[in-house]
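Chemist: predicted model and sequence below, questions to follow.
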Amino acid sequence: MRRAPVRRWVATRRCCSKEWQGEGRCRAERCEDTMNQKQLNAFRMVMRHGTITAASRAMNVSQPAVSRMLADLEASIGFPLLHRPGGKAVPTREAYEFFQEVERMFYGLDRLGQVAEDIRALNRAFCRVASMPMVSFELLPQTLKRIVTEHPGIDISHDVHTSPRILDLLASRQIDLGIAQTDPGRKDVEVLAAYRTNCVCVMSPKHRLASRREIRPGDLDGEPMVALNFRTLTYTYLMRCFAEAGVAPKIVTETQPSYSACALAALDVGIAVVDPITPGIFGDRVRVVPFSPSVPFDYQVLKPTGTPMSRAATEFFNLFQETIASQPHFGEQVHNKTA
């Protein structure tokens, strides 16, 4: 009695520009006969929907196209995924095992798609910002409020430091953006925007000069003064102004930051010459008088040199600029570099 021939699955296709038959994949060195996402998705749809017809509807492609992708996938992986008795497509045992891994792969792809969407929509963004005290009482809170309202997915870390500390944090890339006064000669930080204000005199409302409409260097000759730290640019500019006028104020103490100088001026320790923004915190506890000639108080928005800005940092920077532009007392922009 003759034995029935053993049926073997044989793949026939064109590979490496040659017609070939055999089990498994072509072993030619340059064969690019590999599975792809479209083939895997066709297999996934057949397993999910039960038939090639239903899978073709779900994919919005023809049945022959689905069958062709399945045949290509089988030839690529080297084992059959479907038996086709009577024209039906019945998954093999290996197909069920393979399907589990395919589902895991597509779950990962779907997850990547969601992550990409979150990044695009700024739903999982983070930005580290440090600012000098002057802008931290009013300007930064207004900007942060807009970030929280308009981009709730952006997490902002905000710290207040002196300018030298902020420059160090930028240089070591511990923060994304800094708002501080910088030395123009520094190469490890990059200026995105620069703003200029003019210093004002701050004193107790009881001070003898409190009624003046303007204070000039000669008015401060021998006058007790609270000076900002000698390392600050403001100190340098102010001392140069006094030297040119030939006057010598009596500096009773140096302090940093401007908030501390204003607090001492409010107690009538001496007159302070500071930025025009900080005194607003003290209300009627101090008297603010313009100083002439102008002594600039500049500050900059900075980032680490050679480091591209994240989308979150760019959005923060843009909102910061808009906030300043809407309120001129925060300063006039004297430099801007597109982020």
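Modeler: Now that the structure is in, tell me what you want to look at.
Chemist: measure how buried Asn60 is and give me the count.
Modeler: 6 (other Cβ atoms under 10 Å). Backbone N, C-alpha and C define where each C-beta goes, glycine included.
Chemist: to clarify, my last question referred to Arg48.
Modeler: Neighbours of Arg48 using other Cβ under 10 Å come to 12.
Chemist: cool, and Ala243?
Modeler: Neighbour tally, Ala243, other Cβ under 10 Å: 11.
Chemist: list the buried residues for the helix or strand hosting it?
Modeler: Assigned by DSSP states H and E, Ala243 falls within helix 233-245. By neighbour count on 16 or more other Cβ atoms under 10 Å, the buried set for helix 233-245 is 233-235, 237-238, 241-242.
Chemist: cool, and stretch 77-96?
Modeler: Buried-residue list, stretch 77-96, by 16+ other Cβ under 10 Å: 77, 80-82, 89, 91, 95.
Chemist: tell me where the stretch 101-250 of the chain has strands.
Modeler: In the stretch 101-250 of the chain, strands defined by DSSP state E, counting those that start in this stretch lie at 125-131, 154-160, 177-180, 189-198, 200-203, 224-228, 250-255, listed in chain order.
Chemist: got CSV for the ones you listed, with mean neighbour count and mean pLDDT too?
Modeler: Listed next are the strands of the stretch 101-250 of the chain as CSV, based on neighbours: other Cβ atoms under 10 Å; pLDDT from 0 to 100:
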stretch, mean neighbour count, mean pLDDT
strand 125-131, 21, 89
strand 154-160, 17, 90
strand 177-180, 26, 96
strand 189-198, 19, 94
strand 200-203, 26, 96
strand 224-228, 22, 94
strand 250-255, 14, 93
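Chemist: nearest to Arg111, out of those?
Modeler: strand 125-131 (18.0 Å; Cβ to Cβ).
Chemist: packing partners for that closest one?
Modeler: Under the contact definition 3 or more Cβ pairs under 8 Å, 6 or more residues apart in numbering; DSSP states H and E, strand 125-131 sits against strand 154-160, helix 163-171, strand 177-180, helix 311-325.
Chemist: and if we set it to 7 Å?
Modeler: Helices and strands touching strand 125-131, by 3 or more Cβ pairs under 7 Å, 6 or more residues apart in numbering; DSSP states H and E, are strand 154-160, strand 177-180, helix 311-325.
Chemist: a markdown table please, covering those and showing distance to Glu103.
Modeler: Putting these into a markdown table (distance: least, Cβ to Cβ, whole Å) gives the following:
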| stretch | distance to Glu103 |
| --- | --- |
| strand 154-160 | 33 |
| strand 177-180 | 43 |
| helix 311-325 | 32 |
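Chemist: what's the closest of those to Leu139?
Modeler: Here helix 311-325 is closest among the helices and strands packed on strand 125-131 (Cβ to Cβ), at 6.4 Å.
Chemist: and that closest one, what does it pack onto?
Modeler: strand 125-131, helix 139-150, strand 154-160, strand 177-180, strand 189-198.
Chemist: I'd like these laid out as TSV, including distance to Leu264.
Modeler: What follows is these, written out as TSV (distance: least, Cβ to Cβ, whole Å):
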stretch	distance to Leu264
strand 125-131	22
helix 139-150	23
strand 154-160	19
strand 177-180	23
strand 189-198	21
